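> What would the 3D arrangement of this be:
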Amino acid sequence: MNTKKSLLALIAAAVLAIPLLAYAAAFPENVSGVAASPVDSTSINVTWNAAKDGAGGLVKNYRIYYDTVSIQLAQQGDYAMQVDTPTNATSYVVTGLEAGTTYYFSLTAFDNAGVESESYSFEASVATPAAQQADITSPTVAKVEAVDKTHVQVEFSEAIRLPALLPETAFTITEQINPSSLLEVEDAWTDAADATGKTVIVETAVQAKDVNYILTAAVAVMDLAGNPIVSGSTDSGLFTGSDLEPVMEQEGAPAAEILAVELPAELPAAEPAPLPPEETLPLPDTTPPEDITSFMLSWKAQLDKFIIVMNWKASLNTAKDLIDQILYQSMDKGTTYGAGTSLGKDATKHELPDMEGGKEYTFKITTKDTVGNESVGVVKSIRLPQTGIGLSLFLLGSALTAGGILRRKQ
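Numbering: from 1, shown residues only. Model prediction:
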């Protein structure tokens, strides 16, 4: 009798579960594999895995929820902002964000009937970069010094550029005590010996020794951002005339000083010994093969477990030195990975059996060449559904609460 009662109770439970299963099947899948990366100081690119509707086809579009606080960690409240994607593409750039701010993203899916998936996806978070401040500071004359009697070295506060035509017209030089007396400027060029780009060599007529001169730069002198020098006290500098013989070349960097050494008449100047040819060493190979493309994940049922199926397009392998593809697996959304597994150099698909349902798996495939260079890799995630008895519990739980991190939408 007890056996009959137990059997009747089991049949009754199964009958009651049929409407619940039909109800649950009407919802699109919950979205998985959400990731986010900054585009610029006000934009973030969000990506995710494709979700299916209740009939097994692709959903119509997605809704991206986002906020500057984590709703899932707080386990309360709702996201302050949201945007619907125009299609069922699996990436979208969210714009109009604040610079230097961390955002949290979670997604749901919509089918053609406008039915939304039951629960938020796992959150992904990333910060926008700080906004770049525009350079609005004008250059100034920092130091002026006579190099010899026909060359003056001018140092600016930052790297500058001279006018391409007639650069000498960007400078005027007058005597300090007699401003009407001009020292002619014959040429000007950026000092190639200064890697910072702050120094200019100005070629002048012959200077008077120990006379104080004032060099003034015109607004034609600009910094690399296009800010011109400002007329006033910061565009000029004082220097003292020199009587040293020129040691500067007409164009370019300062010439090296040549020291004249008088050799005895009976000893001819020795011929310089030829320099040995330089040996050119080949540069080491530090470039890994190109990554694979079109990395896709799907699953097949296997009794009470699943088989994860991977497909991808092979690396371009431009250098023809690819020798292996390495598969890595993560259970914490790509924060850490286990030891890699060799897939061989020619594989474009792979299957992993006996995978447990109800878990999210993240995989990364890299390429490796003959000298050990390994690529950054391509990452994809997939969340498996519940299995066996767990499936019924999952569907029942979905009708009441998503539970855990996947919190039911309000």
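> how is this protein carved up into domains?
2-127, 141-240, 293-400 (automatic domain parsing).
> Out of the ones you listed, which gets nearest to Pro282?
domain 293-400 (12.2 Å; CB to CB). C-betas here are computed from N, CA, C, even on glycine.
> follow-up on the earlier one: any chance of a markdown table for the domains of the chain, columns mean pLDDT and distance to Ala134?
Formatted as a markdown table, the domains of the chain follow (pLDDT from 0 to 100; distance: least, CB to CB, whole Å):
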| stretch | mean pLDDT | distance to Ala134 |
| --- | --- | --- |
| domain 2-127 | 86 | 12 |
| domain 141-240 | 94 | 8 |
| domain 293-400 | 86 | 32 |
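> Point out the one among those that comes closest to Leu283.
Closest among the domains of the chain, once you apply CB to CB, is domain 293-400, at 12.2 Å.
> give me every residue that touches the residue nearest to Glu360 when sequence neighbours are not counted.
In this structure, Glu360 finds its nearest non-sequential neighbour in Arg383, 4.2 Å apart by CB to CB, 6 or more residues apart in numbering. When contacts are counted by CB atoms under 8 Å, 6 or more residues apart in numbering, Arg383 touches Asn30, Ser32, Gly33, Asn49, Lys359, Glu360, Tyr361.
> Now restrict those residues to buried residues only.
Buried members of those, counted by 16 or more other CB atoms under 10 Å: Asn30, Ser32, Gly33, Asn49, Glu360, Tyr361.
> Out of these, which comes closest to Ser125?
Looking across the buried ones among the contacts of Arg383 and measuring by CB to CB, the closest to Ser125 is Gly33, at 14.7 Å.
> To which secondary structure element type does that closest one belong?
coil (DSSP: H, G, I helix; E, B strand; the rest coil).
> From Ala50, how far off is it?
Using CB to CB, to the nearest Å, Gly33 is found at 9 Å from Ala50.
> what touches both of the two?
If you check Gly33 and Ala50 against CB under 8 Å, 6+ apart, no residue is contacted by both.
> Secondary structure of Val46: a strand, I assume?
Yes. Judged by three-state DSSP, Val46 forms part of a strand.
> can you pull the contacts of it?
Applying CB under 8 Å, 6+ apart, the residues contacting Val46 are Val34, Ala35, Ala36, Ile64, Ser91, Tyr92, Val93, Val94, Phe105, Leu107, Ala124.
> 7 Å - rerun?
Val34, Ala36, Ile64, Ser91, Tyr92, Val94, Phe105 (CB atoms under 7 Å, 6 or more residues apart in numbering).
> tally of neighbours for the fifth one?
In this case it means Tyr92. Neighbourhood size, Tyr92 [other CB atoms under 10 Å]: 21.
> Quick check: closest non-adjacent residue to it.
In space, Tyr92 is closest to Thr85, 5.0 Å off (CB to CB, 6+ apart).
> how much space is there between the one you found and Glu245?
From Thr85 to Glu245 the distance is 75 Å (CB to CB).
> The two: which is more packed in?
Thr85 (19 against 9).
> Strands of the stretch 51-200 of the chain, residue ranges please.
Under the criterion DSSP state E, counting those that start in this stretch, the stretch 51-200 of the chain contains strands at 61-67, 81-84, 91-94, 102-110, 124-127, 141-148, 151-156, 160-161, 171-175, 182-183, 185-190, 199-204.
> Can you point out the buried residues in the third one?
By that I understand strand 91-94. For strand 91-94, by 16+ other CB under 10 Å, it's Tyr92, Val94.
> Which strands or helices does that strand pack on?
strand 43-47, strand 61-67 (3 or more CB pairs under 7 Å, 6 or more residues apart in numbering; DSSP states H and E).
> can you rerun that using 10 Å?
Helices and strands touching strand 91-94, by 3 or more CB pairs under 10 Å, 6 or more residues apart in numbering; DSSP states H and E, are strand 35-40, strand 43-47, strand 61-67, strand 81-84, strand 102-110.
> Return the angle between stretch directions for the longest one and strand 35-40.
Between the axis of strand 102-110 and that of strand 35-40 there is an angle of 120 degrees, by axes from the mean of the first three to the mean of the last three CA atoms, to 10 degrees.
> For Gly338, give its distance to Trp299.
In terms of CB to CB, Gly338 sits 20 Å off from Trp299.
> Between the two, point out the one with more neighbours.
Trp299 (19 against 10).
> Is the more buried one bridged to anything, and to what?
Ile308 (DSSP bridges).
> can you give me the helices in the stretch 251-400 of the chain?
388-400 (DSSP state H, counting those that start in this stretch).
> All the strands of it, in order from the start?
So, for the stretch 251-400 of the chain - with DSSP E, counting those that start in this stretch - the strands run 293-302, 305-313, 322-330, 341-342, 349-355, 360-369, 378-383.
> Counting by contacts, list what the shortest one packs against.
Judged by 3+ CB pairs under 10 Å, 6+ apart, the packing partners of strand 341-342 are strand 322-330.
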